[in-house]
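Novice: With the sequence up front, the predicted model follows.
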Amino acid sequence: MRNKSIFMIALLALMSFNLSVFAGEDKYSQLAVEISNAAGEGLVDKKIAIIPFSYADGRDGTTDGSIISERLTMKMINLQKFEIIERSVLDKVMNELKLQSSGIMDAGSTKELGKVLGVDAIITGTLVERKGGKIEVNARLIKTETARAIGAAQIIIEKDWLGGDEAIVQPVQQAIYETKRKPVARPRTRGEHEYGFFDLFLGFGSPNISLEFANPLNNITLTANASDPTNDLGINYSGTPGDFRSIKWTKLASDGVGPIAMRVGGFGKGSIGGSMELSLEKRNIKPQSTTWTLNNGSPGNFTFNSEDYLTVTSFGISGDLLIRVPGEKVDPYFGIGLGLSLNSITLPYVKGFTNSSTFSKPVDQMGIGLMFRLPVGARIRINDKTQIVAELRYELNSIGFDRDIKSEEDRIVISGVKFLVGMGFNF
């Protein structure tokens, strides 16, 4: 009889232990069933990702949240109603997208994760620590297409695992939790017609050159013989030799190369864009019959017999404001641009102080210029990364120099229309 009593007590203890274990396990099953029922027929693909839970007060809950989500994952798999994304795959994708790995996700992150993983919904939620070693689990089923919660469930479980996440106790004897909220960083998505570009191109054209020597002290000397030691500009003058304050030629035909250029720029989602350009160009005065003015008087006839009287090599850096009309294959555009130029000026027959302390030829000088231009062109799309660029532009480069004579204010202006063609590479 005594043996029978002992057997009955042991049996009751074993049943009590099994029931308590089953009750704990049954909580996760209850959670899985309630969430599954909430899904109903609203999920098309039946593909779900389960995000590790986090504490609602914001403290670090990596261990507890991972354990609870892992147990829920096993119950969801056993239900055989959904295809569950493996944890390793989920972690890899979230790291690549730089999304926070636990807790409630914002709408943008939810939609993006759904798109990349191809899941119809995610399960996530929060934890609340309760007395007696219990944890309140609040789960939500969120549809990724709309980022709206379509179901929720709540259970209270025993914390029956070793370790875990502890609250931080402050000196005032009141337990508070440290808040660690990490901003959600998401890759920026470009618009359909939004892109950056890098262009390489070559220009063609024959812009005009204006050249003026100006000295308010009226001491630019001209004589009949270009080689006369007293002749400042190295040109034959058929009039009475004398000193002048201004000698000017306008609209001289030029020859040369360029510009050879590269530029970097881009267009936003709308019509506005911009670019920065580096260019190199070389220009010289062609042999020609033209006119000139002395002291701003009436034009007279003049002939350049050589092609090297003036040569200018210009290095420019400039920026353009561009306005385009976005198209499927072609982006027409126009704009306005400003820039600075560094110019190497060579005048082999003209005297100055640039190469010697004595007044002698040639003049070799660097001059700073102000650039202005009006571009009109089109970007023709070959593929997603390559474009053909064709542009017609009016450009002006106004250059100041002085032959190293303090009182002088000489000027070269190169202006005209150029045609440019090249290749553009998108990024």
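Specialist: Cool, the structure landed.

Novice: and K329, what is it in contact with?
Specialist: By C-beta atoms under 8 Å, 6 or more residues apart in numbering, the contact set of K329 is I380, R381. Any C-beta I mention is one placed from the backbone N, CA and C, and that applies to glycine too.

Novice: Against F267, how distant is it?
Specialist: 15 Å (C-beta to C-beta, to the nearest Å).

Novice: next one: L222
Specialist: 54 Å.

Novice: go on, E395?
Specialist: 22 Å.

Novice: How about E391?
Specialist: Taking C-beta to C-beta, one finds E391 at 15 Å from F267.

Novice: Who has more neighbours out of these two?
Specialist: F267 (23 against 20; other C-beta atoms under 10 Å).

Novice: Might you report the residue contacts of that one?
Specialist: So F267 contacts H193, E194, Y195, G273, L322, R324, P326, D331 (C-beta under 8 Å, 6+ apart).

Novice: What is the neighbour count of the second one?
Specialist: Residues contacting E194 under the criterion other C-beta under 10 Å number 15.

Novice: In which helix or strand does the residue lying closest to it once chain neighbours are set aside reside?
Specialist: Among residues not flanking E194 along the chain, K269 sits closest, at 5.0 Å (C-beta to C-beta, 6 or more residues apart in numbering). Per DSSP states H and E: K269 is located in neither a helix nor a strand.

Novice: Need the per-residue pLDDT for K269.
Specialist: Here, the pLDDT recorded for K269 equals 85.

Novice: just checking, it touches R324?
Specialist: No - K269 lies out of contact with R324 (C-beta atoms under 8 Å); the separation is 11.9 Å.

Novice: and the two? which has more neighbours close in?
Specialist: Neighbour count, other C-beta under 10 Å: between K269 and R324, R324 has more, with 20 against 11.

Novice: now the residue nearest to E194: how far from G300?
Specialist: Counting by C-beta to C-beta - K269 and G300 are separated by 58 Å.

Novice: do I157 as well
Specialist: On the measure of C-beta to C-beta, I157 and G300 end up 104 Å apart.

Novice: between those two, which one's more packed in?
Specialist: Neighbours of I157 and G300, each counted by other C-beta under 10 Å, are more numerous for I157; the result is 20 against 12.

Novice: Would you confirm that that one contacts S29?
Specialist: No - with contact defined as C-beta under 8 Å, I157 does not count as touching S29 (11.6 Å).

Novice: about what we covered before: just the buried residues of the contacts of F267.
Specialist: Those of those that meet the buried threshold are H193, Y195, G273, L322, R324, P326, D331, by 16 or more other C-beta atoms under 10 Å.

Novice: A38: which of those residues is nearest?
Specialist: H193 (41.4 Å; C-beta to C-beta).

Novice: Contact partners for the residue nearest the centre of the chain?
Specialist: The residue lying closest to the centre of the chain (C-alpha atoms, centre = their mean) is G196, at 6.9 Å. With contacts defined as C-beta under 8 Å, 6+ apart, the neighbours of G196 are V264, G265, G266, N426, F427.

Novice: For ChimeraX, write a command that selects the buried ones of the residues you listed.
Specialist: The buried residues among the contacts of G196 can be selected in ChimeraX (16+ other C-beta under 10 Å) with this line:
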select :265
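
Novice: Would you format the contacts of G196 as TSV with pLDDT and distance to A39 included?
Specialist: Below are the contacts of G196 laid out as TSV (pLDDT from 0 to 100; distance: C-beta to C-beta, whole Å):
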residue	pLDDT	distance to A39
V264	97	50
G265	96	49
G266	95	44
N426	93	43
F427	90	42
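
Novice: what's the closest of the contacts of G196 to G133?
Specialist: Among the contacts of G196, and counting by C-beta to C-beta, the member closest to G133 is F427, at 55.9 Å.

Novice: is it true that that closest one touches D199?
Specialist: No - the criterion here is C-beta under 8 Å, and F427 misses it with D199 at 11.6 Å.

Novice: mind listing which of the contacts of F267 are in strands?
Specialist: Y195, G273, L322, R324, D331 (DSSP state E).

Novice: And those, which two are furthest apart?
Specialist: So, the ones in strands among the contacts of F267 by C-beta to C-beta: farthest apart are Y195 and L322, at 12.7 Å.

Novice: show me where the stretch 1-150 of the chain has helices.
Specialist: For the stretch 1-150 of the chain, the helices defined by DSSP state H, counting those that start in this stretch occupy 2-39, 62-79, 87-96, 107-117.

Novice: quick one, domains of the protein?
Specialist: 2-176, 195-426 (automatic domain parsing).

Novice: Can you flag the weakest of the ones you listed by average pLDDT?
Specialist: Across the domains of the chain, domain 2-176 gives the lowest mean pLDDT, at a mean of 75.

Novice: in terms of contact, does E391 touch I380 like I think?
Specialist: No - in this structure, E391 is not within contact of I380 by C-beta under 8 Å, at 11.4 Å.

Novice: that's a strand at E395, yeah?
Specialist: Yes - under DSSP: H, G, I helix; E, B strand; the rest coil, E395 falls within a strand.

Novice: check contacts around the nearest residue to it once chain neighbours are set aside.
Specialist: Nearest residue to E395, sequence neighbours excluded (C-beta to C-beta, 6+ apart): R373, at 4.1 Å. Neighbour list for R373: S318, D320, I336, G337, G339, R393, Y394, E395, L396 [criterion: C-beta under 8 Å, 6+ apart].

Novice: Could you rerun that using 7 Å?
Specialist: G337, R393, Y394, E395, L396 (C-beta atoms under 7 Å, 6 or more residues apart in numbering).

Novice: Neighbour-wise, which one of those leads?
Specialist: Busiest of these [other C-beta under 10 Å] is E395, holding 25 neighbours.

Novice: Verify the stated contact: it with F419.
Specialist: No - the pair E395 / F419 is not scored as a contact, 11.3 Å apart, by C-beta atoms under 7 Å.

Novice: Noted, bye for now.
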